[in-house]
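Student: Here's my sequence, what's the structure:
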Amino acid sequence: MKTLVPRSFLPFVFLLTALPAATRAQHVMDSNGLSRQTLEYYLSRAVTMAEFLAADPFGNDGPYPYKADDVRLIQNIGAKFIGRAIYRWGNERVLNNPAFLEQARRLMQQVHARDPEVIFQAAVFEAVSEKVNEVPIPAWAFEALELPVERRNFRYADMLNLNGKFVDHWGRWGSVPDITRQEAQLWLMYLCGTYMNLGCEALHMGQIALMGMEDKGLRKWAEFMAHVRAYAKKHTRRHWVLLDAHTPAGGMVVDGKSLLDFNSFPLRIKPVTGKPMEGMLQVGHVDAIYGRSKACVTPSGWQCDALPYLVEFDNFGISKTPGVADTASHFIWGYDEITWLYLQPEAYRGKWLKYAYNWLAAHDASAFLQMPVSRIISRGRGFHGERFRGNINSAACPQGNNMELVIKEIWKE
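Tutor: Below you'll find the predicted structure:
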């Protein structure tokens, strides 16, 4: 008798049957969550590939060519967690164009054809513009929040803080949505659901402290994330979504339980004074997270003394004094972290990446380094749309910065 498999379960069946038995036993994620071993397996093979899934012309920061070489790189280094792979930072009306998600889905399928274990992370950021007024609200977004369905577009003004906090925070083009406003929750649910429907199994929730400007005790965040997890159980291939955010306070813990599966934060590289452009890591430097990730019960139900976390090379711009060391600043020698790395000689980049990896292992067992593969850099006026690309420099990716083999070597150690 022929056994029929429901269509909604086919991706999950393919995932299981395509992997060796040992791997299937070790790295399970399902409607109950995942073990610490499985979480750390993914965090230990995490890369930043900002907008890898955003095919031209849909990138926020200009053209992003050589995607075929990125597909090759993912398999070559054995990356399992592709961070910030798709997101919007303004110009939200792009979400109305079916090609934006269709092209992303094709890239995702190319990677999964080679390695179905790979998890793609979308980012749901703390920025919204008036362009949301052009985006219709689908019925499922209302339903996911248990609200009556309406036929209308989003309303930008209704997402903003009533007391003006962080309104026009990003300049005249955009503001920070306030999670206590129902319209902001609708917008964030729409983004989360859209990316989960695409196939993303992880969501980076950005600067949750900014969006939670009025959320005392994280109660609204807790309600919202419960809705996101409920949606994931029905609409993701393994019925779970990994949630993280930048957590300056060391986590999002309510009544002893974390709202997040893991924390994330910038590396916070400290300039080495007297040694131009050199940098180091240090516990306690500005607001670095080292040693501060909170104890909790995770969403998967296991207890930890410190929630595992990723640290990444952040990008946020350039200071007014590039090339100047300021040990009290978030900038490293006047640059954001990924630009600082980009400006280093190739040999120093590789040496420093190994140093950072080993430093984390020595100073905080809960910390994992998110390897830099693709991220926009900020060199100042006259430079726009430049990216750090970790790929091997070749005809297939002439923008490559030759970090690929360094990452592969580190992960084999």
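
Student: Can you show me the strands along the stretch 301-413 of the chain?
Tutor: Read by DSSP state E, counting those that start in this stretch, the stretch 301-413 of the chain holds these strands, from start to end of the chain: 303-304, 309-312, 367-369, 371-376, 387-389.

Student: I meant to write the stretch 51-200 of the chain there.
Tutor: Under the criterion DSSP E, counting those that start in this stretch, strands of the stretch 51-200 of the chain are mapped to 81-86, 119-123, 128-129, 174-175.

Student: ok so, going back, closest to residue 51 out of the strands of the stretch 301-413 of the chain?
Tutor: Each of those was scored for nearness to residue 51 using CB to CB, and the closest is strand 371-376 (7.4 Å). Bear in mind the C-beta positions are built from the backbone N, C-alpha and C, glycine included.

Student: So what touches that closest one?
Tutor: Residues external to strand 371-376 that are found in contact with it (CB atoms under 8 Å, 6 or more residues apart in numbering): 46-52, 61, 64, 70, 73, 77, 79, 84, 312-313, 315, 338, 341, 353, 385-391, 403-404, 407, 410.

Student: thinking again about what came up before, please identify the deepest-packed of the strands of the stretch 51-200 of the chain.
Tutor: Compared across those, strand 81-86 shows the largest average neighbour count, a mean of 27 (mean count of other CB atoms under 10 Å).

Student: partners of that one in the sheet?
Tutor: Counting by DSSP bridges, the strands paired with strand 81-86 are strand 46-49 (parallel), strand 119-123 (parallel).

Student: Present the strands of the stretch 51-200 of the chain as a markdown table; the columns should include distance to residue 215 and mean pLDDT.
Tutor: Putting those into a markdown table (distance: least, CB to CB, whole Å; pLDDT from 0 to 100) gives the following:
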| stretch | distance to residue 215 | mean pLDDT |
| --- | --- | --- |
| strand 81-86 | 24 | 98 |
| strand 119-123 | 20 | 98 |
| strand 128-129 | 17 | 98 |
| strand 174-175 | 16 | 97 |
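
Student: and residue 369, which of those is closest to it?
Tutor: Using CB to CB and comparing the strands of the stretch 51-200 of the chain, the one that lies nearest residue 369 is strand 81-86, at 11.6 Å.

Student: CA atoms only for that closest one, dumped as CSV, please.
Tutor: Once side chains and other backbone atoms are set aside, the C-alpha atoms of strand 81-86 remain, and they are given as CSV (Å, rounded to 0.1, in the frame of the first residue of the first chain):
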residue,chain,number,x,y,z
PHE,A,81,23.5,29.6,10.2
ILE,A,82,23.2,32.4,7.6
GLY,A,83,22.7,35.6,9.6
ARG,A,84,20.8,38.7,8.5
ALA,A,85,20.1,37.0,5.1
ILE,A,86,17.1,39.2,4.3
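
Student: on that earlier part again, out of the strands paired with strand 81-86, which is closest to residue 205?
Tutor: With CB to CB as the measure, strand 119-123 is the member of these nearest residue 205 (8.1 Å).

Student: Just the contacts of strand 371-376: which are in helices?
Tutor: Counting by DSSP state H, these place 70, 73, 77, 338, 341, 353, 404, 407, 410 in helices.

Student: Now do the contacts for the nearest residue to the fourth one once chain neighbours are set aside.
Tutor: Counting by CB to CB, 6 or more residues apart in numbering, the nearest residue to residue 338 once its immediate chain neighbours are dropped is residue 313, at 4.2 Å. For residue 313, the contacting residues are 48, 266, 267, 337, 338, 341, 370, 372, 375, 388, by CB under 8 Å, 6+ apart.

Student: how far away is residue 313 from residue 136?
Tutor: Separation of residue 313 from residue 136 (CB to CB, to the nearest Å): 37 Å.

Student: sorry, back to before: make a markdown table from the strands paired with strand 81-86 and add distance to residue 363 to it.
Tutor: Output for the strands paired with strand 81-86, formatted as a markdown table (distance: least, CB to CB, whole Å):
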| stretch | distance to residue 363 |
| --- | --- |
| strand 46-49 | 18 |
| strand 119-123 | 25 |
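
Student: If anything else comes up later, I'll come back, but that's it for now.
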